[in-house]
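Q: Just the structure for this:
(2 chains)
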Amino acid sequence: MIYLDHAATTPMHPEVWDAMQPFALDVFGNSSGVHAVSRQAKNALEESRERVASLIGAQPLEIVFTSGGTESDNLALKGVAWNTSSRNGVVTVTTEHEAVLETVSLLRRFDDPTAMVEVDADGFVDSDDILEAVTETTGVVSVMLVNNETGLVQDLPAIARAIKHRFPEVLVHTDAVQAFVSKDLNVSQLGVDMMTITGHKFGGPKGAGILFVREGTALEPVLHGGGQELGRRSGTHDVASVVGLSTAMELADRDRNRFNEEVGQARDEFEKMVLDGVEAAVVNTPSHNRSTHHFNVRFPGVRNESLLMRLDQAGVAASAGSACQSGAATVSHVLEGMGLTADEARESVRFSFGWTSTLGEARDAASIVGDLVGQLR
Amino acid sequence: MKALVAMSGGVDSSVAAALMKDAGHDVIGVTLKLWAGPNGEAPTAGCCTVSDAEDARRVAAELEIPYYVFDYTDDFKDGVVDRFIHDYASGQTPNPCIECNRTVKFDRLLNRLDEFGCEILVTGHHARVQEIDGVPALMRGTDAAKDQSYVLSMLTSAELGRVRFPVGELTKKQVRRIAASMGMRSAHKPESMDICFVGQGDYRGFLRQNAPEVFTPGRIVDTHGDDLGAHDGIVGFTVGQRRGLGVAVGEPRFVVRIDSDSSTVVVGDRDDLEVTGVELRQITWANGHRGDGLVTAQFRAHGEPVAAALEGSCLTFVDAQHAVSPGQTVAFYHDDRVLGGALISRTIL
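A: So this is what the prediction gives:
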C-alpha cells in the first residue's frame, strides 16, 4: 500500500511505541494517587508537560492534555463561551475543521453570539473581514493555521496582531493540528492565546493532544470531575498516551528539516507528475503559502468517490478531504467555501504525505493516478 | 465476475453479498448515503440510517470484501424527496422507494458500474432475473409474500442483464437462516417499513416541516359539490384516506379525489372510490416492445393483480377498482414475469 492520507492520520513511530509501553504495563498508576507507582506516572506526566511546553515556547502549566484535536477545539471555544466574562461570542472562518464549525453551530443554537468569516478563492481570510465581524460580545477568534484539506497556510501572526491591536481583550485560538509536523510553532511569535495540537498527525498515538492556554485565560472546562489539569480538564490521565505524544512531538521537531526537504520533495514530484500526466488537472491551493505535505487536486469529469475506490483497489490510500461518520466522501465545505461548485468539489481529491513517504512511492502513486484518471474519463 | 453489491445493512442485501462471494465472484460492497437532516443528521428509521451502514460495514468485514459508502444525498434530494413533495402538492400519491430505485439506486449505480470497475450490480431484492428467449426477464421472487418485483418494474432487459438478485431464489426464512448461520448481526433485524427520510413520524409532519409552502388552504366538498368544511392543504390528504378528514358526517367517508388546481378535496362513500381505468405516463417495457391488449396489472407492492385492457396510455379495468390514485405505480405481469411498469397520471371514473 502507498499511504497518501497522512493528513487524516499517520502510522505511529516505533520510538513512540517503545516510550509508551512501560506506562501501559509497569507504571500503570493513577497520576493523582499518593503511592510510588502513581508518583512515577505523575512524574512522567509532568516531564512530558515540560517537554511539550518547551517545544512551542510555552510554560508547562499552560499545557492542557486532552484526548486530541477535537476536544482541544471544543475546550477552547466552549471554554470561552461558558466562562463568566461578558465576552462569550466566537468568530471563526467558514473553512475551519468540523471540530470548530460544529462547536460553533452548537453555541449558536444556544444563542451564543457567533459569526462566520468567508475566505477568498484561494482560501485566505482577510484580517479586515475578521475585525469587522468582531463585536463587543466577541470573546475568541479561531483561525486554523494550516487547512486540513488544502494545506493552505493562513498568515496567522498578522491576523493575530491585527486582532490584538484593535481588540486586546479578544482571545485568539488556532487549530494547528496540521501545522506542527512541518512548522516550528512558537505561541508568542504566532501571537495566540490558545493553540490545538494532536499527536497522531506526526507519528504519535491517537487520542492524545494538547490545548495550549496562555496563563490567565479564563476557561470553563468542558469535562467536569476530579479536577485534573488544574481543573481545566477532568479525567484520569492516559499517561502512556501523553508520553507518546510528547515523544512524537520531540521526534517531529528533530525530524522537521528532513521532513520539509525529503517529504516536500516527494510531494512536489508527485504534484509535478500528476499535473504533467493528467490533462486539465487543477490544483485547489495556490503554490505559495501551502504546507509541505498537502496536495488537493481536481480532475474535471472524474467523481472523487470513483477515483478513491479505484485507488484503494490499486493500493493507493487517499481521501476526499472530509469524510462523514459513515465514511462517505461528502462535498467539501472547504472547497465550497473557496467558491468551488458542489460538482467541482466532488471532483477533488486530497493526497497528503507524511514521515514515511518516499520519492519512489510518490512516483509510483502518480503513475497509478494518471492511469486511473485516464480510465475513468 | 466483478460485482458491486448495494448493501443497506439489512439481512437481504447482507446475504446477497455473502452468496455472491460464495459463488466465487469478486465482490465490492457499497452503502448509499441518501439523506441527511437539516443539521446533517442521518435518519433513525428506514433503510439508510448510520447504524444500518455500520451493520453493512460489519458484514463486509466478515466477508473480507472492500466496502465503501457513497454520498448520493444530492441525487436523492432532487430525484426522490423534491419529487415526493411535488407529487403530494399536486394531489398524487407517490412511492418514494420506487423513485429511489428508478433515479438513484439503479440509474446511478448501473450508469457508473464501469467507473467502479464492476460488471454487475447486485441488490437484496426478492425478485429473479431469468433468460427467456435469450433475453433477461424480471420474475417474481420465490417467496410470494416477500416478492418485490413490483418496485423493480421500471427496469429494462438491458439493465436486467447487468443485475443480479441472489436472494430472490430464496424464501425470507431461508435468508434469515443463512444470516444466522453466518453470525450476522442483521439476521434478526426487523424489516424497515418506514420511508427513510420521513422516519417514524407521518409524512404530513415531514411536509409541514420541510415544505410548508405547499400547504394551500382549501375546501372539502362532497361529490355533489356541497361544502363540508376547510382544510389547510391538499398535501395532507391521499385518495382512499378515511381518517382525519376533519369533517363530521354520519357514514364512513373517504377522500375520492383531489383537485390540486382549486385546492379542493372531494369526499364520498366507498362506491365513489371506484375507478374504471387510469391514464399512464412513463411507461417502460422490459424488452422494448409494447404490450397493448389484455394485461395483468398490479397497483401495490403486494396487491392482487387484476385484468385490464391497455390501449396507448389508457388502461381500462375489466372490473372497476377501488382506491387507485395518481402517482401510484402500475406493474404489468404475465404469470410471474414482469413485462413493464408505468405511473398513473390520472384516474378515469
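Q: ok now do the residue most central in space within chain A, which residues does it touch?
A: For chain A, the residue nearest the mean C-alpha position is residue A:177 (2.2 Å; CA atoms, centre = their mean). Counting by CB atoms under 8 Å, 6 or more residues apart in numbering or on different chains, residue A:177 touches A:69, A:97, A:148, A:196-198, A:201, A:209. Placement of C-beta: from N, CA and C, glycine included.
Q: can you give me how far the least confident helix or strand in chain B by mean pLDDT is from the chain middle?
A: In chain B, no helix or strand scores lower on mean pLDDT, DSSP states H and E than helix B:203-210, which sits at a mean of 84. Distance of helix B:203-210 from the chain centroid (CA atoms, centre = their mean, to the nearest Å) equals 19 Å.
Q: hang on, the earlier thing: doesn't the residue nearest to the centre of chain A fall inside a strand?
A: No. Counting by DSSP: H, G, I helix; E, B strand; the rest coil, residue A:177 falls outside a strand, being coil.
Q: distance of it from residue A:300?
A: From residue A:177 over to residue A:300 the distance is 30 Å, taken as CB to CB, to the nearest Å.
Q: tell me the pLDDT at the residue nearest to residue B:349 when sequence neighbours are not counted?
A: With CB to CB, 6 or more residues apart in numbering or on different chains as the criterion, residue B:349 has its nearest non-adjacent residue at 6.0 Å, and that residue is residue B:275. Residue B:275 is assigned 90 on the pLDDT scale.
Q: before we move on, the earlier item: may I have the next helix-or-strand element following the least confident helix or strand of chain B exported as CSV, CA atoms only?
A: Using DSSP states H and E, the helix or strand that follows helix B:203-210 in sequence is strand B:218-222. Taking C-alpha atoms only, strand B:218-222 is exported to CSV below (Å, rounded to 0.1, in the frame of the first residue of the first chain):
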residue,chain,number,x,y,z
GLY,B,218,-58.9,24.9,0.5
ARG,B,219,-62.3,23.4,0.9
ILE,B,220,-63.6,19.9,1.5
VAL,B,221,-66.7,19.1,-0.6
ASP,B,222,-68.8,16.1,-1.2
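Q: what sits up against strand B:218-222?
A: B:227-231, B:233-234, B:245-247, B:262-268.
Q: can we see that at 10 Å?
A: The contact list for strand B:218-222 (CB atoms under 10 Å, 6 or more residues apart in numbering or on different chains) reads B:225, B:227-234, B:237, B:245-247, B:249, B:253, B:255-260, B:262-269, B:272.
Q: Okay, buried residues for the helix or strand following that strand please.
A: Counting by DSSP H and E, the next helix or strand C-terminal to strand B:218-222 is strand B:227-231. Buried residues in strand B:227-231, counted by 16 or more other CB atoms under 10 Å in any protein chain shown: B:228, B:231.
Q: List only those of the contacts of residue A:177 flagged as buried.
A: Neighbour counting by 16+ other CB under 10 Å classes A:69, A:97, A:148, A:196-198, A:201, A:209 among those as buried.
Q: from those residues, which is closest to residue B:77?
A: residue A:97 (25.6 Å; CB to CB).
Q: Domains in chain A, by residue range?
A: A:2-8+A:256-376, A:15-251 (automatic domain parsing).
Q: can you name the farthest residue from the center of chain B?
A: Farthest-from-centroid check, chain B (CA atoms, centre = their mean): residue B:226, 36.1 Å.
Q: How much space separates it from residue B:95?
A: The gap separating residue B:226 from residue B:95 is 33 Å, by CB to CB.
Q: go on, residue A:348?
A: Taking CB to CB, one finds residue A:348 at 36 Å from residue B:95.
Q: Looking at those two, which has the bigger crowd around it?
A: Here residue A:348 and residue B:95 are compared on neighbour count by other CB atoms under 10 Å in any protein chain shown; more neighbours surround residue A:348, at 26 against 20.
Q: is any part of stretch A:290-298 close to chain B?
A: No. Using CB under 10 Å from any CB of the partner chain, we find that stretch A:290-298 stays clear of chain B, coming within 16.7 Å at best.
Q: looking only at pLDDT, what's the mean for that stretch?
A: Mean per-residue pLDDT for stretch A:290-298: 97.
Q: Quick one: end-to-end length of that stretch, please.
A: 16 Å (CA to CA, to the nearest Å).
Q: again with stretch A:217-229
A: End to end - CA to CA - stretch A:217-229 spans 14 Å.
Q: Residue A:180 and residue A:248, how far apart?
A: Note on residue A:180: its distance to residue A:248, by CB to CB, is 10 Å.
Q: Overlap of the contact sets of the two?
A: A:198-199, A:201-202, A:204.
Q: mind listing which of the contacts of residue A:177 are in strands?
A: The subset of the contacts of residue A:177 located in strands under the criterion DSSP state E comprises A:196-198, A:209.
Q: Going along the chain, name the helices of the stretch 51-200 of chain A.
A: Using DSSP state H, counting those that start in this stretch, the helices of the stretch 51-200 of chain A run over A:69-81, A:98-109, A:127-133, A:156-166, A:187-190.
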